[in-house]
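K.L.:
sequence first, predicted coordinates after that:
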Amino acid sequence: MNIEAYDDLTIILPTLNEAENIGPMLSELRSLYTAATIIVLDDNSDDGTHNIVSQISERDERIKLVVRDVSDRGLSASIVDGIMMSTTEYFIVMDCDFQHPPAKVAEIARALREGGDLVIGARTDRGALPPFRRVSSYAAHLLAYTYLWFKDQPESTDIMSGFFGGKTKIVQATIKENYDAIERRGFKILFDILKFCPRDITIKEIDFEFQPRSAGQSKISPLVISSIIGQCGSVGRTISALMTRLIS
Ligand SMILES: Nc1nc2c(ncn2[C@@H]2O[C@H](COP(=O)(O)OP(=O)(O)O)[C@@H](O)[C@H]2O)c(=O)[nH]1
Ligand SMILES: [Mg+2]
């Protein structure tokens, strides 16, 4: 095994209309993590994202492209599929719009190799989010934190993070055992993993500064945020129903 080249790692990149970001992201990841496997799961972008990946993957056998079925669209579904396809010891999920710094993958990988079962990239501030998103992100976190605390499940300081890694076998087993309970159309798969993972799992956190989006548009709407809150048991479902009425 060539640890410095990261051949024990799969990087999972979900994409939806990221034509401007995907090329630079793949080339930066490849220059930093020369032997890592990279899986791009594209939800049928109509801006040519998957054509760009397809061309790059012809020259790089460790870059794999999945163009997903239109009937099963969803950020969580894409990430779940990526984790289930991984064959390396570790995986790391990240956004491809440079809000998660590619250099931080090395720190998450190190924490996994040093015994973390789940390693979460925790945003030190959410200044890159517009005010409504920032407030909603904290509100969703607080509700999710309370939910996990009541269920006696492991918590994190950033349950809504989309930047995390895990020991592949442990997370695959958690997904397999709870496949039907996982919200495939959801946006926050980490919350689902924390809900269902073994209680004695070792969790580590790596702080990072959340960057502004490099190019293109965010796909998260207030309705999506409301649906995340709806994942937090009956209290969450009530708040979510109220929010949806107010914003739609
Ligand atoms: N496959 C897939 N990727 C998505 C979907 N929605 C967003 N993404 C990707 O997930 C990452 C985070 O999405 P983004 O819109 O930037 O969310 P934000 O950072 O919370 O505003 C980006 O790489 C997006 O391209 C989706 O429905 N399916
Ligand atoms: Mg983003």
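P.N.:
Arrived safely, thanks for sending. Residues are numbered from 1 along each chain as shown. Ligands and ions are numbered 1, 2, ... in the order given.

K.L.:
next, count neighbours for the closest residue to residue 79 other than its chain neighbours.
P.N.:
Beyond its immediate neighbours in the sequence, the residue positioned closest to residue 79 (CB to CB, 6 or more residues apart in numbering) is residue 189, lying 4.7 Å away. Every C-beta, even on glycine, is put in place using the N, C-alpha and C of the backbone. With neighbours defined by other CB atoms under 10 Å, the count for residue 189 comes to 26.

K.L.:
wait, what's in contact with residue 189?
P.N.:
Neighbour list for residue 189: 75, 76, 79, 80, 93, 182 [criterion: CB atoms under 8 Å, 6 or more residues apart in numbering].

K.L.:
likewise for residue 92?
P.N.:
Neighbours of residue 92 in contact, by CB under 8 Å, 6+ apart: 9, 10, 11, 12, 105, 108, 109, 112, 163, 164, 165.

K.L.:
may I have the helix or strand containing it exported as PDB, CA atoms only?
P.N.:
Under the criterion DSSP states H and E, the helix or strand holding residue 92 is strand 90-93. These are the backbone C-alpha positions of strand 90-93, laid out as PDB (Å, rounded to 0.1, in the frame of the first residue of the first chain):
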ATOM      1  CA  TYR A  90     -11.500   4.800   3.900                       C
ATOM      2  CA  PHE A  91     -13.800   7.200   2.100                       C
ATOM      3  CA  ILE A  92     -14.200  11.000   2.200                       C
ATOM      4  CA  VAL A  93     -17.300  12.900   1.000                       C
END
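
K.L.:
what does this structure put close to ligand 1?
P.N.:
If contacts are counted using CB under 6 Å from any ligand atom, the residues of the chain sitting beside ligand 1 are 14-16, 18, 41-43, 73-75, 78, 95-97, 99, 162, 218-220.

K.L.:
may I see the ChimeraX selection of the buried members of those residues?
P.N.:
Applying 16 or more other CB atoms under 10 Å to the residues of the chain next to ligand 1, the buried members can be selected in ChimeraX as follows:
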select :14,15,16,18,41,42,43,74,75,78,95,96,97,99,162,220
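
K.L.:
show me the subset of the residues of the chain next to ligand 1 that also lies near ligand 2.
P.N.:
When CB under 5 Å from the ion is taken as the criterion, the members of the residues of the chain next to ligand 1 that contact ligand 2 are 95, 97, 99.

K.L.:
among the residues you listed, which ones are in helices?
P.N.:
Residues from those lying in helices, with DSSP state H as the criterion: none.

K.L.:
which one of the residues you listed is nearest to residue 120?
P.N.:
The closest of those to residue 120 turns out to be residue 95 (CB to CB; 14.2 Å).

K.L.:
for that closest one, which non-adjacent residue is closest in space?
P.N.:
By the measure of CB to CB, 6+ apart, the closest residue to residue 95 outside its immediate chain neighbours is residue 162, 5.5 Å from it.

K.L.:
residue contacts, residue 112?
P.N.:
Shown here is residue 112, whose contacts under the criterion CB under 8 Å, 6+ apart are 90, 92, 119, 165, 166, 167.

K.L.:
neighbour-wise, give me the winner out of these.
P.N.:
Taking other CB under 10 Å as the neighbour criterion, residue 165 ranks highest of those with 29 neighbours.

K.L.:
is it correct that that residue falls within a strand?
P.N.:
Yes - secondary structure assignment places residue 165 in a strand (DSSP: H, G, I helix; E, B strand; the rest coil).
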